[in-house]
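A.B. asks: Starting from these lines, generate the structure:
(one chain, ligands or ions: 3)
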Amino acid sequence: MFALIPRSLIVRLSRASRNNLNQKPLIIESVNFLDSKREYHGDILSPSQVLGIDHLRDPRLNKGLAFTLEERQALGIHGLQPARFKTQEEQLELCRISIQRYQEDLNKYLYLTELHDRNEKLFFRLLTENIEALMPIVYTPTVGLACQKFGLIYRRPRGLFITINDIGHIFDVLKNWPEANVKAIVVTDGERILGLGDLGASGMGIPVGKLALYTALAGIKPHECLPIVLDVGTNRQSLLEDPLYVGLRQKRVTGKLYDDFLDEFMEAVVQRYGQNTLIQFEDFANHNAFRLLKKYRDHYCTFNDDIQGTASVAVSGLMASRRITGKKFSENTLCFLGAGGACLGIADLLVRAMVLEGSTIEEARSKIWMFDIDGLLANDRKEGNLEGHKKYYSKDHAPTKDFLGLVNEIKPSILIGASATGGAFTPEIIRSMGEHNERPVIFALSNPTANAECTAEQAYTITEGRCIFASGSPFPPVTVGGKTFKPGQGNNAYIFPGVALGVLTSGIHHISEDVFLLASETVAENVTEDYLAKGRIYPPLNEIPEVSVQIAIKILEYAYKERIATVYPKPKDLRRYVEDQQYNCSYEPSLPNLWAWPKTPYMKTKPLEPTKLKA
Ligand SMILES: NC(=O)C1=CN([C@@H]2O[C@H](COP(=O)(O)OP(=O)(O)OC[C@H]3O[C@@H](n4cnc5c(N)ncnc54)[C@H](OP(=O)(O)O)[C@@H]3O)[C@@H](O)[C@H]2O)C=CC1
Ligand SMILES: CC(=O)C(=O)O
Ligand SMILES: [Mg+2]
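C.D. replies: Residues are numbered from 1 along each chain as shown. Ligands and ions are numbered 1, 2, ... in the order given. Predicted coordinates for the structure are as follows:
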């Protein structure tokens, strides 16, 4: 039975009200149906078509078949959809069935991208409720493949592309972004995308994926998030020659012009969105990452995820490992393969943690040995630089490029790889770790999967199940001697969403290292004895949303204690305050409650048995 809707009244939601669907629509306009013929894309259309169709086309408004009969009629979309009404739960079931049908992960990625473009709430609900199964698709490893194939799979724009040619006009480009209330930006210049090197503008997949996790793992509202690529060219010859490449076809700009471009970008962000806008630097090459962090950290609300987020997640894993090995941080010898943003960030934060345990900085640094592409960081080495933070870890030791030899000699209890060198932890190296330690700690943090320094299978098998293992990209469970181990994912995804939530809700201007140590502790506290017994040093991925809220609460407590919060008065109930600001991915009414609408005649259907997505 159809309800009777007064034809003289159709309801129009203003753009302002759509931008914040968690609020009730603010502006309601009555339009007389009979005298309102107007032009739309050059055609004379009825106002119902003009005004209502947006509800199907705009991913933020679209609810698919969940529009009630009353909504369909009042919005003028009645007849534009089949007769069936479907709840969001029924739509989710269709999504799960659909995604299972794809064999290739890249096709699953494309399905999710299309869903994101079509129905934002459904996309985020699907992602939030299936983190374990879908994080490897929207994030590492599949996002790496999506970046490599970016030119081929590019369909619709998502995010903002600012090129070096926009210098002098970056603010104008930012003004083209259609959202007025951006609070968080993830920005890359595409020079070091995961462990895949320089992908130029094709690196856009990374800020898009990271910000999808801002919403799915921390409930930060999607319209408050802005992914940005700074396209300064690429030095990858194959991309410059690739007819499908969508970025600037020129070598990377460097030096003063690059720096001026970055400075203008930072200033333009503040001018457009305010001083408190969080700017997360992601996948910049090493020669820029540290430099830019140092330059901007005390002037903007910013952090570098590859340095600080990675440090925080690795230290968190080591905090949990400490409960198994019984050793203080300073009682370990650590050996790093790689001395870039990730490894140096981890080493620096660990030194801070050791100092808090009572070591001096020198004692703490003496426990840490590092290898880069030119071998051991050694004072007398002729090849390779010892610039920046590398010099803190350089040793009075004969230069060597023999990593296995060094491992045999110094007998580290903790081995960490972030070198983007797949298979660099050879079976001999893993065996040596097993021979010298009852519970060797082995972290193969490089992404995507093919770049991991070793697989979970190799680590557990060669150490007869004794190692404490984590990897940057996910590995399936491994069974050794009848015991099954679920490898932990030592990925900064445990950290950056919660840190962002804490920073945004407290309004702190600058993000200190203490914030990252707090995040490490919070993640480690969520590792139960039961998880440790199964070899897990991180909570399961689907617990990250709760962990993010806890991180945010810790940051708020810290911010009020240190008097660096800018949101006053201090909320009485911090958890409630945080949760009240989070995104709600359930559908909401598309119409204001002008009068009591008659009930929609939902058709009775056989209840579906929910499909379980395999991780
Ligand atoms: N799990 C996680 O959450 C994260 C993982 N990562 C991963 O870590 C990896 C490195 O990232 P990042 O540190 O930012 O990158 P960088 O480019 O800053 O550092 C890479 C480091 O590895 C060294 N290196 C390269 N090849 C070798 C080799 N054959 N032997 C020894 N050392 C080598 C480089 O040496 P040199 O200094 O001489 O160039 C450099 O020190 C990437 O794969 C990335 O995906 C990064 C961030 C987070
Ligand atoms: C995870 C991440 O940030 C990286 O691999 O770069
Ligand atoms: Mg990164």
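A.B. asks: doesn't Asp380 fall inside a strand?
C.D. replies: No. Asp380 is assigned coil when assessed by DSSP: H, G, I helix; E, B strand; the rest coil, not a strand.
A.B. asks: Report the spatially closest residue to it, excluding sequence-adjacent ones.
C.D. replies: Pro399 (5.9 Å; Cβ to Cβ, 6 or more residues apart in numbering). Any C-beta I mention is one placed from the backbone N, CA and C, and that applies to glycine too.
A.B. asks: Which element, helix or strand, includes Leu230?
C.D. replies: strand 225-231 (DSSP states H and E).
A.B. asks: Give me the distance from that strand to the chain's centre.
C.D. replies: Averaged C-alpha coordinates place strand 225-231 at 13 Å from its chain's average position (Cα atoms, centre = their mean, to the nearest Å).
A.B. asks: Give me the contact status of that strand with ligand 2.
C.D. replies: No. Using Cβ under 6 Å from any ligand atom, strand 225-231 stays clear of ligand 2, with a minimum separation of 14.0 Å.
A.B. asks: Please spell out which residues along that strand are buried.
C.D. replies: Buried residues in strand 225-231, counted by 16 or more other Cβ atoms under 10 Å: Cys225, Leu226, Pro227, Ile228, Val229, Leu230, Asp231.
A.B. asks: For the helix or strand that comes right after that strand, C-alpha coordinates in CSV please.
C.D. replies: Sequence-wise, the next helix or strand downstream of strand 225-231 (DSSP H and E) is helix 237-240. Taking C-alpha atoms only, helix 237-240 is exported to CSV below (Å, rounded to 0.1, in the frame of the first residue of the first chain):
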residue,chain,number,x,y,z
GLN,A,237,61.7,5.8,-15.8
SER,A,238,59.1,3.0,-16.4
LEU,A,239,56.4,5.4,-15.2
LEU,A,240,57.7,8.3,-17.3
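A.B. asks: what's the spacing between helix 237-240 and its chain's center?
C.D. replies: 27 Å.
A.B. asks: And the contacts of that helix?
C.D. replies: Contact partners of helix 237-240, identified using Cβ atoms under 8 Å, 6 or more residues apart in numbering, comprise Asp198, Leu199, Gly200, Ser202, Thr234, Tyr245, Gly247, Arg249, Gln250, Lys251.
A.B. asks: ok, back up a step: which pair in the buried residues of strand 225-231 spans the largest distance?
C.D. replies: Cys225 and Asp231 (19.7 Å; Cβ to Cβ).
A.B. asks: related to what we said a few turns ago, how many other residues sit next to the residue nearest to Asp380?
C.D. replies: Neighbours of Pro399 under the rule other Cβ atoms under 10 Å: 16.
A.B. asks: Next one: it from Asn286, what distance?
C.D. replies: Plainly put, Pro399 is 21 Å away from Asn286 if you go by Cβ to Cβ, to the nearest Å.
A.B. asks: go on, Cys343?
C.D. replies: Taken as Cβ to Cβ, the span from Cys343 to Asn286 is 10 Å.
A.B. asks: Could you do Val143 as well?
C.D. replies: Here the criterion is Cβ to Cβ. By it, Val143 lies 21 Å from Asn286.
A.B. asks: now Cys335, what's its secondary structure?
C.D. replies: The three-state assignment at Cys335 reads strand, by three-state DSSP.
A.B. asks: Is it in contact with Ile416, as I believe?
C.D. replies: Yes. Using Cβ atoms under 8 Å, Cys335 makes contact with Ile416 at a distance of 7.4 Å.
A.B. asks: can you list the residues of this structure near ligand 3?
C.D. replies: Glu282, Asp283, Asp306 (Cβ under 5 Å from the ion).
A.B. asks: restrict those residues to contacts with ligand 2.
C.D. replies: Applying Cβ under 6 Å from any ligand atom to the residues of the chain next to ligand 3, those adjacent to ligand 2 are Asp283, Asp306.
A.B. asks: Between Val143 and Asn286, which has more neighbouring residues?
C.D. replies: Legend: neighbour count by other Cβ under 10 Å for Val143 and Asn286, higher for Val143 (25 against 19).
A.B. asks: just to confirm, which helix or strand has the more buried one in it?
C.D. replies: helix 142-148.
A.B. asks: does ligand 1 sit close to that helix?
C.D. replies: No. Helix 142-148 is not in contact with ligand 1 by Cβ under 6 Å from any ligand atom; minimum separation 8.3 Å.
A.B. asks: For Ile206, give me its contacts.
C.D. replies: By Cβ under 8 Å, 6+ apart, the contact list for Ile206 reads Val143, Cys147, Val186, Thr188, Ile193, Leu194, Glu282, Asp283.
A.B. asks: Nearest to Pro487 among these?
C.D. replies: Using Cβ to Cβ, Leu194 comes nearest to Pro487 of those, at 18.4 Å.
A.B. asks: right, and the closest one touches Gly144 too?
C.D. replies: Yes. Using Cβ under 8 Å, Leu194 makes contact with Gly144 at a distance of 4.7 Å.
A.B. asks: residues from the stretch 1-150 of the chain in reach of ligand 2?
C.D. replies: The stretch 1-150 of the chain comes close to ligand 2 at residues Thr140, as judged by Cβ under 6 Å from any ligand atom.
A.B. asks: from the stretch 1-150 of the chain, which residue is nearest to ligand 3?
C.D. replies: In the stretch 1-150 of the chain, the residue that lies nearest ligand 3 is Thr140 (8.7 Å; Cβ to the ion).
A.B. asks: doesn't Pro448 make contact with that residue?
C.D. replies: Yes. Thr140 lies in contact with Pro448 (Cβ under 8 Å); the separation is 5.1 Å.
A.B. asks: where do the contact lists of the two overlap?
C.D. replies: Contacts common to Thr140 and Pro448, judged by Cβ under 8 Å, 6+ apart, are Leu194, Ser473.
A.B. asks: Okay, strands next: where are they in the stretch 101-250 of the chain?
C.D. replies: Using DSSP state E, counting those that start in this stretch, the strands found in the stretch 101-250 of the chain span residues 160-163, 184-188, 225-231.
A.B. asks: so can I have a markdown table of these showing mean pLDDT?
C.D. replies: Formatted as a markdown table, the strands of the stretch 101-250 of the chain follow (pLDDT from 0 to 100):
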| stretch | mean pLDDT |
| --- | --- |
| strand 160-163 | 98 |
| strand 184-188 | 98 |
| strand 225-231 | 98 |
